[in-house]
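K.L.:
Give me coordinates for this.
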Amino acid sequence: MSSIESIRRPAPDRASRRARIAVSALFLTNGALFANILPRYPEIKSALGLDNLGYGFAIAAFPAGAIAAGLLAAVLIRRFGSARIAVIGTVLTSLGLLSAALAPSGVLFAVALFLGGASDAITDVAQNAHGLRVQRRYGRSIINGFHAIWSIGAVLGGAMAAVAIALQLPLGVHLGISTAVFATVSLVALGFCLPGRDDEAEAEVTAEPAELTGAVRRGLSPRTVIAIVALTLIAMAGAVAEDAGNSWATLYLADSLGAAAAVAPLGFIALVGAQFVGRIIGDPLTDRFGQRWVARVGGVIAAVGMTLALAFPSVPGTILGFAAVGFGIATLIPAAMHAADELPGLRAGVGLTIVSWLLRLGFLLSPPFVGYIAENESLRAGLLVAPVAALVAVLLAGFLGKRRPRS
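P.N.:
Sure, this is the predicted structure:
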């Protein structure tokens, strides 16, 4: 865009600015809710008497719920509007996570996580859809900033959990506070979101099941199918590497390396904090060097950093290793989604919906796989999935976009 076009572009009105703050609050809340329970997983695992494999299957219920409900989001959003569905989903997610924290058995823990994951998937699509509505009114890209704010929320949630652990707050009290605070924030934010619905903007990130099956029936070219598979694997690689920190970092630092209870959550906090930094600088780096270069360099950073942390185990080195993973994979999922949405021969939203839905297989399959290796070998061996996933992204990065010449 030329400087003259930038000057002529009108400033966003007051309603748009308020809506941007409201969507930012929803992203912050979404990141903080799940991050509040993650560092307390080891405590829940111990209280419920789960071994590593059982724990892995239990926490896989969250992405299983997301996969089950992911395609329902488009139907709900187009009927009730993205803002309302995002807020309802946030409240249901918070209640699901609170129920998981209070679950008296491993089965009920998994059921609560399944319901929380289903609500979270719907929330995720809805808040992105509303973010695109706001972006359209701004006339420039602001969607990546919302995702960076999600990472801030994750850091906030992880820090809240670390403080709760240090203060020895009971799980019910801690998650009760988290639920009350962030459910209230989302309900307040609803009053500042854009009213009504915008079918054009909301359709950009949603495709109903009928539209997906219609695209398949019309026939996809072999090149398009290969591209969808490759982009899904790139996104799944980012999900698997991220899940290593989400689900196992606190447990590995506490049980395998003997970190203090208040120190163990720092592995997860380092990952999401570095991921925030990677997303903030990811846009300008992508504009200058292209998605392929950024993904390849980031994948190498993640693979080398985590491999060194596992080869020479120590508490500080492991925290830095998880930070390297978070920084290196920061742009993988957004880049794969963006590339999928621009695949030729597919209606807007179809490629994005397919990749967004299938990437959750990474979050689903990773926990039981790591748990199986941890049960039969060691958790240290299981965490090798992170550098391996990063290398997969490096190898497949050729399917991402090249550097675009400046006009």
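K.L.:
all helices of the stretch 1-150 of the chain, in order?
P.N.:
With DSSP state H, counting those that start in this stretch applied, the stretch 1-150 of the chain shows helices at 3-8, 14-37, 41-48, 52-59, 61-69, 72-80, 82-102, 106-138, 143-166, listed in chain order.
K.L.:
nearest to residue 299, of these?
P.N.:
For the helices of the stretch 1-150 of the chain, the distance to residue 299 is smallest for helix 143-166, at 18.7 Å, taking Cβ to Cβ. All C-beta atoms are positioned from the backbone trio N, CA, C, and that covers glycine.
K.L.:
Okay, buried residues for the closest one please.
P.N.:
Of all the residues in helix 143-166, those buried under the rule 16 or more other Cβ atoms under 10 Å are 143-162, 164-165.
K.L.:
how much space is there between residue 113 and residue 44?
P.N.:
10 Å (Cβ to Cβ, to the nearest Å).
K.L.:
More neighbours: which of those two?
P.N.:
Counted by other Cβ atoms under 10 Å, residue 113 and residue 44 do not tie: residue 113 has more neighbours, with 25 against 20.
K.L.:
quick one, what contacts that one?
P.N.:
58-59, 61-62, 65, 96-97, 100 (Cβ atoms under 8 Å, 6 or more residues apart in numbering).
K.L.:
export those to a markdown table and tack on neighbour count, distance to residue 28 and pLDDT?
P.N.:
Below are those laid out as a markdown table (neighbours: other Cβ atoms under 10 Å; distance: Cβ to Cβ, whole Å; pLDDT from 0 to 100):
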| residue | neighbour count | distance to residue 28 | pLDDT |
| --- | --- | --- | --- |
| 58 | 28 | 27 | 95 |
| 59 | 30 | 23 | 94 |
| 61 | 23 | 25 | 95 |
| 62 | 30 | 20 | 95 |
| 65 | 26 | 22 | 94 |
| 96 | 24 | 19 | 96 |
| 97 | 27 | 16 | 96 |
| 100 | 28 | 21 | 96 |
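K.L.:
The strand or helix carrying residue 370 packs against which elements?
P.N.:
Element membership of residue 370, judged by DSSP states H and E, is helix 360-376. Counting contacts by 3 or more Cβ pairs under 8 Å, 6 or more residues apart in numbering; DSSP states H and E, helix 360-376 is packed against helix 52-59, helix 61-69, helix 222-251, helix 379-382, helix 385-396.
K.L.:
ok so, going back, hey, what's in contact with both of residue 113 and residue 44?
P.N.:
Common contacts of residue 113 and residue 44, defined by Cβ under 8 Å, 6+ apart, comprise residue 100.
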